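**Q** sequence first, then the predicted structure:
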Amino acid sequence: MSRPGRAPRNTIDKESMNSAVNDVVWTGTWVAERLGVELVGDERLGELLGLALRRNPKRAHLLVSNVLGKHVPQSPSVVYGHGFALGRRVRDLLGAEDARAAVVVGYAETATGLGHSVADGLGLAPYLHSTRRPVAGVATAGGFEESHSHATSHLLLPEDPALLAGSGPLVLVDDEFSTGNTVLNTVRALHERYPRERYVVVALVDMRSAADLGRLEELAAEIGARVDLVSAASGTVRLPEGVLEKGQALVAAHEPAPPAPAAHGGTAKAVRVELGWPRGVPDGGRHGFTPGQRIRLEGALPAMAARLADALPDGARRVLVLGFEELMYAPLRLARELEQAVTAEVRYSTTTRSPVLALDDPGYAIRSRIVFPAHDDPDDGPGERYAYNVAGAGFDAVVAVVDSVADTPELHAPDGLLARLAEHTPSVLLAVVPSYVPARTPTERPSMLPEPLRGPAFSSYAPDEVGWLLQDLSDVGLEAPTEEREEAIQSGGAHYAESLPVEYQPNAQYQELFHTALADSAARLAQAVGAVTEIVLAERSPRPVLVSLARAGTPVGVLMRRWAEHRHDLDLPHYAVSIVRGRGIDANALRWLAAHHDPADVVFVDGWTGKGAITRELADAIEEFEASDGITGFDPEIAVLADPGSCVRTYGTREDFLIPSACLNSTVSGLISRTVLRSDLVGEHDFHGAKFYRELAGSDVSADFLDAVAARFDDVADAACAQAKELLAADRTPTWEGWAAVERISEEYGIHDVNLVKPGVGETTRVLLRRVPWKILARTGAGADLDHVRLLAEQRGVPVEEVDELPYTCVGLIHPQYTRGATGADGKAVTA
């Protein structure tokens, strides 16, 4: 075993206790004087610890932490900062490679928040805490005993059974390290089942006696592993003979009678605050908590704290956020965010099972106690629970944070926690975090569908960038002249997905325009990519399965995947699927996804929205798929770079600007065609089809586009994260104003078909490249974003009409009722 050396000893005794911390009375004075207890060790011990007496037959004294956030209300930044700093020290100790492979385990109930904070400081470590709450349907991965505790059985209930099975370091976190029995029990139990080469024990204070100092070294030799110890301070407790009996006698002599209700009367009703907790993010580490889930939580914290701030009473100067037993991390993070959002003094502590004597003396660590019945239907039956140092502390408001399992009639009863709090504060708020229920392990369904196509055999993208849930139709002749294709589509003789337009081959002038546009917009694109990816990680899933809508969505999906890897070291799966207006999404692709991934993790990705037709198409298709296949969980909400039509909630920006990938066709999309759906080519059990234009490799700029945008990730990282944070806190409800504008334009120009009105820069470009354009409407004063549109329009002889107050930068109008040049004298469509 390797352990940092102990600092020179400092004795906190009768002579020094009254000046231990900033010339105020040390909160261990009362116990030290009456029991003869001494703390010997680092100078910081008096700052970190006080003393109290337990109502416990196994140990007389209690080391009361001033920075744990359990018994003593403390600044949440101080509480979180101590855990985070310990995590940073563990990361430095392990080195980058081992730190990436580490798993952190915290002990219930007192160290659940501390352990989680250590995991945050470590960086990319998943976190799990032990629990005394059995959960039906979740297999136990381990269990152990805590010898001195009033409640002994610890369970480990990870949702992912493989969480503890890795070979990387296991980091065990407790608030104090005294006899070492709890850690010894844990390591032996887990090492027998999941052997590994390295363990790190982390504690706020290392308080082992001389007799216990060698036990970790002995354990390390016994199991053949390295065991390190990291603590904020170290020392020991000197206990005189007969301390247990003396302590029990003191408790019996000073145990107060139940206090009378205070002036506020205890009848106040708690104000419930809806937090808007991010869907799918666990309430804590009881079943495991991943780095991706931390990203999602941090993205949602500002908005949740703002809701708490809005609910506080006017003039509140001192506010307590009160967590609940094992639920320590969620209220800690909420309190820390609230502390930064309001001018009031914010403190944080949690309720507990631990029975401790309360004594109103400045030299005693537990000065008041609120007693109330358990309110979460505990497995070991009803019993008393406690909130310490809350009564008499002068809080203008208390925000009680519980999980939904604990939001019971007992919580709201006349003798329940909320009523007891109301006796001591004029305002009680209640915030309920949804109790996380692990997903049932899905039954693997057999599938005859093929594996995804990948480059270089299909597409010019690298094989790990995207898997195409398509069939290869490269050898089939599908292209038709643009005019013939348009006439067939508008006459109802064919669907647009039954054929392909001839691939537009840009001249040198247009290619130069593309590269100029890319250079000018790479940073803006990178920022939008970063913002939308951060929102997805915060709101949708900690490890999303990106599913881009081929093909315009595919470059965006690749960029989002690159951002997640670059910023968060996440290796996200990414697939491309076909969706066809009027025909829906490829149901076989959905079946393949459901057989290989949790549908709830799937996030559909597209480049931009126009009027929102595909958004509506996807929602209808998912509803139809659920009805036909009985497979639920797919969220039809699309994530896009740009949402100028205000059609979705998940976007990087709502500006209508040029996304250079819209300037080209296959040569910026991995050399893949539009998708094809034709009954003679696509059978009942086939994926939709597409072509790989290998012959255009000389003109391929797909990699150029991706690399140019990804190269700006570091430059825009802060701006992208700030933009995501701002959007997460904003009202992003779609207004569908784009759809309304399209309907108006359709009527004003006599088209009477919204499908022939293509709003936005991206859609207008598509009209000029693939369809028979009639005219282009450009917003007056639109600048360089339309250079390529003007060039294409000139090449195709299409007029560009400037329009004031156009909600988009431009709108492309497809030639209505196309019969090769049918235009009336008034410039509007010829009617049939």
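**A** Yep, it's here.

**Q** at the geometric centre of the chain, which residue do we find?
**A** Ranked by distance to the mean C-alpha position of the chain (CA atoms, centre = their mean), the top residue is Arg296 at 1.6 Å.

**Q** which helix or which strand is home to the residue nearest to Ala413 when sequence neighbours are not counted?
**A** Nearest-residue entry for Ala413: Ala419, 7.0 Å, with adjacent residues in sequence omitted and distances by CB to CB, 6 or more residues apart in numbering. The way it works is simple: take the backbone N, C-alpha and C, and place the C-beta from them, glycine included. Element membership of Ala419, judged by DSSP states H and E, is helix 417-422.

**Q** now swap in Leu114 and tell me
**A** Going by DSSP H and E, Leu114 is in helix 112-122.

**Q** after that helix comes which helix or strand?
**A** strand 127-129.

**Q** roughly how far is that next one from the heart of the chain?
**A** On the basis of CA atoms, centre = their mean, to the nearest Å, strand 127-129 sits 16 Å off its chain's mean C-alpha point.

**Q** and for it, what are the contacting residues?
**A** With contacts defined as CB atoms under 8 Å, 6 or more residues apart in numbering, strand 127-129 is touched by 103-108, 111-112, 115-116, 119, 156, 158, 163-164, 284-289, 326.

**Q** that older thread, what is the neighbour count of the residue nearest to the residue nearest to the centre of the chain when sequence neighbours are not counted?
**A** Nearest residue to Arg296, sequence neighbours excluded (CB to CB, 6+ apart): Ala538, at 4.2 Å. Ala538 has 25 neighbours, counted by other CB atoms under 10 Å.

**Q** wait, doesn't Ala538 sit right on Ala300?
**A** Yes - using CB atoms under 8 Å, Ala538 is in contact with Ala300, at 5.7 Å.

**Q** which of the helices and strands in the protein ranks last by mean pLDDT?
**A** In the chain, no helix or strand scores lower on mean pLDDT, DSSP states H and E than helix 482-490, which sits at a mean of 50.

**Q** following that one, which helix or strand comes up?
**A** The helix or strand immediately downstream of helix 482-490 is strand 500-501, counting by DSSP H and E.

**Q** which parts of the next helix or strand after that next one are buried?
**A** Toward the C-terminus, strand 500-501 is succeeded by helix 508-539 as the next helix or strand (DSSP H and E). Neighbour-count burial for helix 508-539, counted by 16 or more other CB atoms under 10 Å, picks out 510-511, 513-514, 517-518, 521-539.

**Q** state the mean pLDDT of helix 508-539.
**A** Regarding helix 508-539, the rounded mean pLDDT is 89.

**Q** and it, how far out from the chain's middle?
**A** The chain centroid and the centroid of helix 508-539 are separated by 24 Å, computed with CA atoms, centre = their mean.

**Q** which other helices and strands contact that helix?
**A** Contact here means 3 or more CB pairs under 8 Å, 6 or more residues apart in numbering; DSSP states H and E; on that basis helix 508-539 packs against helix 291-311, helix 553-568, strand 638-642, strand 650-653, helix 702-710, helix 713-728, helix 787-796.

**Q** I'd like the average pLDDT over the lengthiest strand in the chain.
**A** Scanning the chain for the strand with the most residues, using DSSP state E, yields strand 226-238. Strand 226-238 carries an average pLDDT of 94.

**Q** so what angle separates the directions of that strand and helix 112-122?
**A** Relative orientation of strand 226-238 and helix 112-122, computed by axes from the mean of the first three to the mean of the last three CA atoms, to 10 degrees: 140 degrees.

**Q** what comes up buried for strand 226-238?
**A** Residues 227-237 are the ones in strand 226-238 that count as buried (16+ other CB under 10 Å).

**Q** next: stretch 781-792.
**A** Neighbour counts using 16+ other CB under 10 Å place 782, 785-792 of stretch 781-792 among the buried residues.

**Q** show me where pLDDT drops low in the stretch 701-832 of the chain?
**A** Scanning the stretch 701-832 of the chain for pLDDT under 70 picks out the ranges 770, 817-832.

**Q** kindly apply the preceding question to the stretch 101-250 of the chain instead.
**A** Within the stretch 101-250 of the chain, the segments meeting pLDDT under 70 span 137, 143-153.

**Q** mind running it again at 90?
**A** Applying pLDDT under 90 to the stretch 101-250 of the chain flags the ranges 123-124, 132-156, 159-167, 178-186, 188-190, 192-194, 209-214, 237-250.

**Q** quick check: Ser354 is in a helix.
**A** No - counting by DSSP: H, G, I helix; E, B strand; the rest coil, Ser354 is not found in a helix; it is coil.

**Q** quick check: it touching Glu384?
**A** No - Ser354 is not in contact with Glu384 according to CB under 8 Å; the separation is 10.4 Å.
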